[in-house]
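>>> Sharing a model that was predicted from the sequence below.
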Amino acid sequence: MTVAAHIWQTEPEPITEFYAEENADVVVVGAGSSGVTAAQSAAEAGASVICVEKFSRPTAHGTDIGSINTLVHEREGVHIDPLEAARLEYAWSQQQANYHLIRTYTERSGEVLNHYIRMAEARGYTVKLNSELTARADWDKLDEKYRMFRTAHIFDAPEGSGHPKERWHAAYYMQVVYTSAQELGVRFLFDSPAVRLVKEDGRVTGVIVKDARGHKLIRAGKGVILASGGITDSVEMKECFCPIALRADKNENFPRGGNNGDGHVMGKWVGAAFSRCYPAPIIHPVNLSPLGQGMNTSWLTVDRNGRRFCNETAYEPIVTNARMNAPGNVAWAICDADYMEHFRRQEPLKFSALPDNAEEEIEACVADGTYIRRDTLAELADAIGVPAGALEKTVARYNEMWDAGEDVDFGVPKRFLSPVKKGPFLACRLSAWLLNIPYGLHVDDDSRVCTEEDEPIPGLWAVGNMQGDFFANSYPVTLPGSSHGRSICFGRLVGQAVALNREHL
Ligand SMILES: Cc1cc2nc3c(=O)[nH]c(=O)nc-3n(C[C@H](O)[C@H](O)[C@H](O)COP(=O)(O)OP(=O)(O)OC[C@H]3O[C@@H](n4cnc5c(N)ncnc54)[C@H](O)[C@@H]3O)c2cc1C
């Protein structure tokens, strides 16, 4: 007898006993940014909608919502070429992703977000570009490899607007859309994890949830939209599909257990295929101090042998991927006493926005051990446990390339090189925090879930991180906020299409 290695490989016995049944046109599984958007949009299009969620409230994390050519862009005089954006986003996937999904996103995310921007503004929220961090006014002019478009939008609840304050800006988007969904009559069933999809005569016709009273059958007249997120919290799925994510320092996803891959398992049991792409984990080098590498600045980075081993451009996944595959899973960013001068040259806009107490914050980091400071490179090497001779050699070569104006080893643009010449020197351990793993089910151009043979499974769609084939290998930051951005874009388009029985988005 062959025993299947993984839960998703064998469909269990059917569940036939229900304590209750409910009906809706559209059933959405998961109340994250994609699911709540899909539910709101389907209801707005006239459908009756039930959204089931395993926890007791919607999920909203993060800051940036990446969309292209919105009315906020228009107000700020920003225009992004959707074809160029699609080309570069697709290139990042090394041609694994479905280009047509990306095109839909780059061409239609503006119109979609405009709908919610208007709704938010009518309710007293504000929406602007995240110009201080991820919608930098000068990164869209860098070489293609590093080009970062000004896609990142942040929703906010200004003082006096009466809306509750949140830690994450995406939660303001959620307040707006969740409230609208409730007003439109969407029934949210919380603490009701979906455990099975119902397939009858080849079509997905409903969802079974398990709540405190037992199993409940929810029939979907028009369709089921899976929006249960990626595989961030499933160790088994990470081992199978994304082992690099197991080397991150920590998992920052919340609420923990929200992304266990339930939708993947349920989808497989009704014949779906997994994404055609290698997963693209979102792993940031989180260092919240003013010198934080990745989001802020690029510093020479060395492995435990004192060797330079990667391109350090401040482009988040670039350095974290390299660090996690470095010997011992450790790396150190090194800078010299002129770090403020280097920061100013690398990021003139951000430098001018640094808080007055930036130097004090750095001193606090030295005091608490986040940064290690020593007068000489040899002392620094000793303090961080790398061979002094190797570090000195690496620094000498790096400085030579700085002097020559070209990084012939890794191609870091001159603007982002920072010579290491003047003591005392600082070292900071490079962090790698896992936020999310977008990885879902194989879909077609209309986000219908497909089999291994590329046949859509009637009645079943996937949005958000459940939508496979969009990102591959490494999370692209060409279009910052594209994770929420595509979740919202396809959430709305799919919600409408299912509600209106449209074949295409
Ligand atoms: C700390 C942090 C910061 C981030 N910052 C950003 C950012 O700035 N910009 C950006 O674009 N992205 C960001 N991301 C990533 C982004 O938040 C996600 O990619 C995005 O939320 C995906 O939305 P989703 O709807 O697909 O999934 P989720 O938001 O994960 O929602 C899925 C929902 O489904 C529910 N669910 C799961 N299984 C079941 C089940 N069996 N039955 C019922 N419900 C179920 C979950 O509980 C959850 O509520 C960040 C992520 C984290 C963790």
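Looks like it arrived, so ask away. Numbering: from 1, shown residues only.

>>> which residue ranges form the helices in the stretch 101-250 of the chain?
Secondary structure of the stretch 101-250 of the chain, counting by DSSP state H, counting those that start in this stretch: helices at 170-183, 235-241.

>>> and of these, who's closest to the ligand?
Across these, the minimum distance to the ligand, taken as Cβ to the nearest ligand atom, is reached by helix 170-183, at 6.3 Å. Quick note: C-beta positions are derived from backbone N, CA and C, even for glycine.

>>> other SSEs contacting the closest one?
helix 33-44, helix 99-122, strand 152-156, helix 482-499 (3 or more Cβ pairs under 8 Å, 6 or more residues apart in numbering; DSSP states H and E).

>>> Does anything pack onto the helix or strand following the first one? Which helices or strands?
Note on helix 33-44: by DSSP states H and E, the next helix or strand toward the C-terminus is strand 49-52. Applying 3+ Cβ pairs under 8 Å, 6+ apart, one finds that strand 49-52 contacts strand 20-29, helix 33-44, strand 187-189.

>>> Which neighbours in the sheet does strand 49-52 have, and how are they oriented?
Partners of strand 49-52 in the sheet, by DSSP bridges, are strand 20-29 (parallel), strand 187-189 (parallel).

>>> Any chance of CSV for those, columns mean pLDDT, mean neighbour count and distance to Ile80?
Below are the strands paired with strand 49-52 laid out as CSV (pLDDT from 0 to 100; neighbours: other Cβ atoms under 10 Å; distance: least, Cβ to Cβ, whole Å):
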stretch, mean pLDDT, mean neighbour count, distance to Ile80
strand 20-29, 98, 23, 30
strand 187-189, 98, 18, 34
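
>>> Export these as a markdown table, with columns for distance to Val449.
Compiled in a markdown table, these are given as follows (distance: least, Cβ to Cβ, whole Å):
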| stretch | distance to Val449 |
| --- | --- |
| strand 20-29 | 12 |
| strand 187-189 | 22 |
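
>>> hmm, back to that, go through the helices and strands packed on helix 170-183 and pick out the most buried.
Between those, the one whose residues have the most neighbours on average, counting mean count of other Cβ atoms under 10 Å, is helix 33-44 (a mean of 31).

>>> How much space separates the residue of the stretch 1-150 of the chain found nearest the ligand from Ala60?
Minimum separation of the stretch 1-150 of the chain from the ligand (Cβ to the nearest ligand atom) falls at Gly32, amounting to 2.0 Å. Applying Cβ to Cβ, to the nearest Å, the value for Gly32 to Ala60 is 7 Å.

>>> Quick check: buried residues in the helix or strand bottoming out on mean pLDDT in the chain?
Among the helices and strands of the chain, helix 348-352 carries the lowest confidence by mean pLDDT, DSSP states H and E, at a mean of 79. For helix 348-352, the buried set under the neighbour-count rule, 16 or more other Cβ atoms under 10 Å, comprises 350-351.

>>> Downstream of it, the next helix or strand is which one?
Heading C-terminal from helix 348-352, the first helix or strand you meet, by DSSP H and E, is helix 358-367.

>>> Alpha carbons only: can I get the helix or strand in which Gly389 is found in PDB?
Element membership of Gly389, judged by DSSP H and E, is helix 388-404. Listed next in PDB are the C-alpha coordinates belonging to helix 388-404 (Å, rounded to 0.1, in the frame of the first residue of the first chain):
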ATOM      1  CA  ALA A 388      40.600  40.100  10.300                       C
ATOM      2  CA  GLY A 389      42.900  39.600   7.300                       C
ATOM      3  CA  ALA A 390      40.000  38.600   5.100                       C
ATOM      4  CA  LEU A 391      37.900  41.500   6.200                       C
ATOM      5  CA  GLU A 392      40.700  44.000   5.500                       C
ATOM      6  CA  LYS A 393      41.300  42.400   2.100                       C
ATOM      7  CA  THR A 394      37.600  42.700   1.200                       C
ATOM      8  CA  VAL A 395      37.400  46.300   2.400                       C
ATOM      9  CA  ALA A 396      40.500  47.200   0.400                       C
ATOM     10  CA  ARG A 397      39.000  45.700  -2.800                       C
ATOM     11  CA  TYR A 398      35.600  47.400  -2.200                       C
ATOM     12  CA  ASN A 399      37.300  50.700  -1.700                       C
ATOM     13  CA  GLU A 400      39.300  50.300  -4.800                       C
ATOM     14  CA  MET A 401      36.100  49.800  -6.800                       C
ATOM     15  CA  TRP A 402      34.600  52.800  -5.100                       C
ATOM     16  CA  ASP A 403      37.600  54.900  -6.200                       C
ATOM     17  CA  ALA A 404      37.400  53.500  -9.700                       C
END
